[in-house]
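Enquirer: Just the structure for this:
(chains A, B, C and D)
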2 protein chains.
Amino acid sequence: MASRPSNPLALAVLVLLYERPMHPYQMSATLKERRKEDSIKINYGSLYSVVESLTKHGLIEARESAREGNRPERTIYAITGDGEREMISWLSTLLSDPVKEYPQFEAALSLMMALRPEQATELLERRLVNQRAALDTCRDQVNRAYAIGMPRVFGVEHEFEVALLAAEVDFLASLLDDIRDGSFSGLAGWQRMHELRAEGMTRDEIEQTLFTEFKEDFAWLDRLDELT
Amino acid sequence: MASRPSNPLALAVLVLLYERPMHPYQMSATLKERRKEDSIKINYGSLYSVVESLTKHGLIEARESAREGNRPERTIYAITGDGEREMISWLSTLLSDPVKEYPQFEAALSLMMALRPEQATELLERRLVNQRAALDTCRDQVNRAYAIGMPRVFGVEHEFEVALLAAEVDFLASLLDDIRDGSFSGLAGWQRMHELRAEGMTRDEIEQTLFTEFKEDFAWLDRLDELT
DNA sequence: GTGAGAATACTCGAACTCAAGTAATCGATG
DNA sequence: CATCGATTACTTGAGTTCGAGTATTCTCAC
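Expert: Model (predicted):
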């Protein structure tokens, strides 16, 4: 037996139906109205399949099929007892137990060496500019909402977003500083690798050359066991 | 015509084949050896389907089908000219242009009000403990690697991870402080909502009651237009 | 009263994800 | 020298996700 959907959108559905029964389109409309689309990815395809899956698992159930005017029929769903318990337990573990996630930028950083160092540096500079702008608008939106009296409970997610963005901006700024002032180690070897590549050397020759020219940069490979 | 796979694992494949031709299993082994599994999710099913899709799009091509002993046949892949260009451009945009992502914890924060405030607070406290521990081990690993002489180029992704983790720890600590010293607004209304719910009041009655008891907490709803 | 565009309410198929399974070989231990 | 577990190398299939498409209805200017 398959377990419940793992898409956080399903959790949002449970929370909404915990409040009041409604039909799928109303769920998406409510989530958008409350600005939850910033923190939960809402996709119609996913929404309908998630609702179907929750129904199959008995966490929600179809209540009535109302129709208004000539509009297509809308099925109203309500949460079940099992659904309430599942919602509480799912939300609880999401809050307390961190899950490993894979931001694309982290992947990009880990593959960065495939680019020439000057190019990579320039791209990181561009990102810094972009993220500083994003941080400013994001922070501004939160502050303006608080300024008109919105209680903080309604904006925690956005405070979190701001915190992460600020951390990334700081990270980028200090990384770029280190690259410029030479305290970012390994840069010379990285540079040389691309020079040799440009000269048409084969990968094996490159490896050989780098191993002799930058011995100190590879000595750690023999000490990997010390990391336990 | 469908576009290339969007899975960062496909980018990793392109980068690896840019270095040297190899077969799928060797790709996963190399990525694991270089600790890229921490920043890129490696899944066999995904790997093979991603390789197939890259082949179909002409970004990589099968070279030879070597077999060693009685082992199953291994198809060796190499990157094409199109693949090289695509790799450079994909990696470049990933580095410079931020993409919106949806951390599960952000979703959980935005739905937190479905839990009783004391429970939510306790869960956040537990998370803080967990993330402090995670931060310590992560930071430690990076430092130990640098201590045996690994150049920083090989560890940027992990420095980034540490930066994000540290930001989350700070966020949690200050959020919990604010909840405890009362500077986290909206808490009283949140609390009252769950009391009324526990008393068996209907959803509409709760709304009415809160609207009168906590007028100031909802006044901002009439000023939403000021946010432009 | 009519046409343009926004909003409403879904549907579809292709791509992607992921856990589990398979089946061979290698290495070490008793 | 047998065998047990680790490693190598991949396959399958069920379930999920996603963007794009469709078709209707409402709204409001003209």
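Enquirer: how far away is A:Gly58 from A:Ile79?
Expert: 11 Å (C-beta to C-beta, to the nearest Å). Placement of C-beta: from N, CA and C, glycine included.
Enquirer: oh sorry, the question was meant for A:Glu86
Expert: In terms of C-beta to C-beta, A:Glu86 sits 9 Å off from A:Ile79.
Enquirer: picking that back up, which one's more surrounded, A:Gly58 and A:Ile79?
Expert: Neighbours were counted for A:Gly58 and for A:Ile79 using other C-beta atoms under 10 Å in any protein chain shown; A:Ile79 has more, 22 against 13.
Enquirer: Would you indicate which residues of stretch A:112-132 are buried?
Expert: Using 16 or more other C-beta atoms under 10 Å in any protein chain shown as the test for burial, stretch A:112-132 gives A:112-117, A:120-121, A:123-124, A:127-128, A:131.
Enquirer: Can you lay out these as TSV showing pLDDT, secondary structure and distance to A:Gln104?
Expert: Output for the buried residues of stretch A:112-132, formatted as TSV (pLDDT from 0 to 100; DSSP: H, G, I helix; E, B strand; the rest coil; distance: C-beta to C-beta, whole Å):
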residue	pLDDT	secondary structure	distance to A:Gln104
A:Met112	96	helix	13
A:Met113	96	helix	17
A:Ala114	96	helix	15
A:Leu115	97	coil	16
A:Arg116	97	coil	21
A:Pro117	97	helix	21
A:Ala120	98	helix	16
A:Thr121	98	helix	19
A:Leu123	97	helix	14
A:Leu124	98	helix	14
A:Arg127	97	helix	12
A:Leu128	98	helix	17
A:Gln131	97	helix	14
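Enquirer: which ones are touching the spatially most central residue of chain A?
Expert: For chain A, the residue nearest the mean C-alpha position is A:Pro103 (5.3 Å; C-alpha atoms, centre = their mean). Taking C-beta atoms under 8 Å, 6 or more residues apart in numbering or on different chains, we find A:Pro103 in contact with B:Glu101, B:Leu164.
Enquirer: If we use 7 Å, what do you get?
Expert: The contact partners of A:Pro103, taken as C-beta atoms under 7 Å, 6 or more residues apart in numbering or on different chains, are B:Glu101.
Enquirer: pLDDT below threshold where in chain A?
Expert: For chain A, applying pLDDT under 70 flags the ranges A:1-2, A:65-73, A:228.
Enquirer: hmm, back to that, what is in contact with A:Glu86 and A:Ile79 at once?
Expert: Listed as contacting both A:Glu86 and A:Ile79 by C-beta under 7 Å, 6+ apart are A:Leu14.
Enquirer: wait, isn't A:Pro21 in contact with A:Ile76?
Expert: Yes - counting by C-beta atoms under 7 Å, A:Pro21 touches A:Ile76, with 5.3 Å between them.
Enquirer: tell me, what's touching those two both at once?
Expert: Residues touching both A:Pro21 and A:Ile76 by C-beta under 7 Å, 6+ apart: A:Arg63.
Enquirer: how deep is A:Pro24 tucked in, by neighbour count?
Expert: 18.
Enquirer: hang on, isn't it packed against A:Val51?
Expert: Yes - the criterion here is C-beta under 7 Å, and A:Pro24 meets it with A:Val51 at 5.4 Å.
Enquirer: hey, where'd the strands end up in chain A?
Expert: Along chain A, counting by DSSP state E, strands occupy A:60-66, A:74-79.
Enquirer: Packed most tightly, which of those would that be?
Expert: strand A:74-79 (a mean of 18; mean count of other C-beta atoms under 10 Å in any protein chain shown).
Enquirer: For A:Phe211, list the residues it contacts.
Expert: Contacts of A:Phe211 (C-beta under 7 Å, 6+ apart): A:Phe218.
Enquirer: Swap in 10 Å and give it another go.
Expert: A:Gly189, A:Asp217, A:Phe218, A:Leu221 (C-beta atoms under 10 Å, 6 or more residues apart in numbering or on different chains).
Enquirer: What's the local residue count around the last one?
Expert: Looking back up the chat, that one is A:Leu221. 11.
Enquirer: if I read this right, it contacts A:Leu227, doesn't it?
Expert: No - under the criterion of C-beta atoms under 10 Å, A:Leu221 makes no contact with A:Leu227, lying 11.4 Å away.
Enquirer: which residues are in contact with both of those two?
Expert: B:Ile148, B:Met150.
Enquirer: A:Ala10 contacts A:Lys56, doesn't it?
Expert: No - the pair A:Ala10 / A:Lys56 is not scored as a contact, 11.8 Å apart, by C-beta under 10 Å.
Enquirer: Mind checking which of those two has more residues around it?
Expert: A:Ala10 (24 against 13).
Enquirer: ok, that one - contacts?
Expert: A:Ala10 touches A:4, A:46-47, A:49-51, A:53-54, A:57, A:59-60, A:86-87, A:90, counting by C-beta under 10 Å, 6+ apart.
Enquirer: For stretch A:89-101, list every residue counted as buried.
Expert: Buried, per 16+ other C-beta under 10 Å, within stretch A:89-101: A:Trp90, A:Leu91, A:Ser92, A:Leu94, A:Leu95, A:Ser96, A:Pro98.
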